[in-house]
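Engineer: Have a look at this prediction, sequence included:
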Amino acid sequence: MREPVQSAITFAPPTASAMEARLFGSSLHPLIWTLRKNLDYLFIILSGSGSITANGRHSALEGPVVVWSPATDGSISLEAGSEGGMLAAPDVILGQAMPAGAVSTQVREAITRLLISRSAAADARQMLNLLGSIEGELKGDEAGSREAVQHYIALLLLKIWRMSDPVQHPGQPSPRMIVRGFVHLVELHVRDHWGVPQYASALGVTSDRLNTAIRRATGRSPMEVVHARMLTEAARLLHSSAMQTGEIAELLGFRDAAYFSRFFKRLMGMSPRQYRQQAVDRRGAAQDSYAAWP
């Protein structure tokens with residue numbers, strides 16, 4: 001007698017900026033996830049089997065197994081009865097949770113690659129417990145939930161790094177990795193007004209080595225790169241928003257509007273008010289020009 005075909009449960013991916021954590025266990029139906037290229041995925045499969053398609057590669061899965069899939073299109077399917085959990089998160093959230101210190105660069109490098117690692121049941125269960133804690137914090141949304149989630153993600157990232165067979169006594173990160181990591185950190189912390197020592201510590205290098213790598217790659221010092229990024233964001237807000245100068249200063253992490261105005265004028269050659277007025281004048285001139293068309 002022919003067995004009935006089981007209909008699969010298909011999970012819709014979260015939005016581009018959202019994070020999702022979900023435990024699953026002993027479902028009566030197959031489970032299917034569609035992977036999005038703007039999200040990173042962690043699957044911890046304690047028991048059961050299935051397959052993953054990512055980066056043009058198709059691989060069978062048999063629990064206990066840990067799967068890390070960096071941002072790419074693809075899919076993962078698990079047979080009915082599989083038990084485990086999944087995490088989907090954008091790069092910015094992972095960046096905020098990234099462990100600091102000497103291993104930071106190695107962890108960043110490790111999570112850029114697809115990882116399928118057979119795991120001891122005890123290790124998989126430990127990771128699953130961390131994932132369950134993330135799910136609980138996201139659902140509870142209590143005071144300190146964000147900090148708790150970052151802590152749990154940092155632990156998961158360290159475990160993924162260890163599973164990638166890292167070099168036990170690594171040399172210094174390459175200049176390319178330093179520059180890549182620095183640019184990523186600037187995007188995350190430009191409003192926190194980090195100094196060069198803080199960026200260097202997060203990358204696991206000395207301030208001198210960071211300075212040398214950034215100067216060779218950009219022709220500017222690390223702080224000049226940071227200030228240029230801050231200036232770009234300030235100009236964008238002055239040009240495209242109705243926020244007051246003091247509100248923009250606060251949003252960008254300046255201690256007061258006067259300090260922000262001095263910073264902006266020193267780099268731009270005009271005050272925020274003058275810059276905004278020029279932007280208004282340019283828009284008005286453009287509209288007049290269009291109106292004159294036949």
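Structural biologist: Sure, I can see it.
Engineer: any idea which element the residue nearest to H193 when sequence neighbours are not counted lies in?
Structural biologist: Spatial nearest neighbour of H193, excluding adjacent residues (Cβ to Cβ, 6 or more residues apart in numbering): G253 at 5.2 Å. Every C-beta, even on glycine, is put in place using the N, C-alpha and C of the backbone. For G253, there is no enclosing helix or strand under DSSP states H and E.
Engineer: Are we agreed that T10 is in a strand?
Structural biologist: Yes. Assessed by DSSP: H, G, I helix; E, B strand; the rest coil, T10 belongs to a strand.
Engineer: sec struct for the residue nearest to it when sequence neighbours are not counted, please.
Structural biologist: Of all residues not flanking T10 in the chain, I32 sits nearest, at 4.6 Å (Cβ to Cβ, 6+ apart). When classified by three-state DSSP, I32 comes out as strand.
Engineer: how near is I32 to I52?
Structural biologist: Distance, I32 to I52, by Cβ to Cβ, to the nearest Å: 11 Å.
Engineer: my guess is R125 contacts S47, does it?
Structural biologist: No. Under the criterion of Cβ atoms under 8 Å, R125 is not in contact with S47, lying 10.4 Å apart.
Engineer: re the thing from before, hmm, the residue nearest to T10 is touching G74, no?
Structural biologist: No. With contact defined as Cβ under 8 Å, I32 and G74 do not form a contacting pair (11.4 Å).
Engineer: Show me which of the two is the more surrounded one.
Structural biologist: In this view I32 and G74 are compared by other Cβ atoms under 10 Å, and G74 has more residues nearby, 19 against 14.
Engineer: Identify the bridge partners of the closest residue in space to that one that isn't next to it in sequence.
Structural biologist: Closest residue to G74 apart from its sequence neighbours, by Cβ to Cβ, 6+ apart: A54 at 3.5 Å. Bridge pairing for A54 (DSSP bridges) gives the partners R57, G74.
Engineer: For A54, give me the pLDDT.
Structural biologist: Predicted confidence (pLDDT) for A54: 87.
Engineer: What distance do you get for it to V179?
Structural biologist: Going from A54 to V179 by Cβ to Cβ gives 27 Å.
Engineer: for V226, same thing?
Structural biologist: 13 Å.
Engineer: So the two - more neighbours on which side?
Structural biologist: Neighbour count, other Cβ under 10 Å: between V226 and V179, V226 has more, with 22 against 19.
Engineer: Let me see the contact set for the most centrally placed residue in the chain.
Structural biologist: Relative to the mean C-alpha position of the chain, the nearest C-alpha, by Cα atoms, centre = their mean, is the one of D91, at 1.9 Å. Counting by Cβ atoms under 8 Å, 6 or more residues apart in numbering, D91 touches D40, A71.
Engineer: What segments of this structure are strands?
Structural biologist: Counting by DSSP state E, the segments of the chain that form strands are 9-11, 20-25, 31-35, 40-47, 49-54, 57-62, 65-69, 74-78, 83-89, 115-118.
Engineer: neighbours of the nearest residue to L156 once chain neighbours are set aside, just the number please.
Structural biologist: In space, and not counting its chain neighbours, L156 is closest to L130: 5.6 Å by Cβ to Cβ, 6+ apart. L130 has 21 neighbouring residues, counting by other Cβ under 10 Å.
Engineer: repeat for the one 4 residues further on
Structural biologist: By other Cβ under 10 Å, the residues close to I134 number 26.
Engineer: And it, how far from V190?
Structural biologist: As defined by Cβ to Cβ, I134 lies at a distance of 27 Å from V190.
Engineer: how about the helices in the stretch 51-200 of the chain?
Structural biologist: Ranges of helices in the stretch 51-200 of the chain, per DSSP state H, counting those that start in this stretch, are 91-97, 104-110, 121-140, 145-163, 175-189, 196-203.
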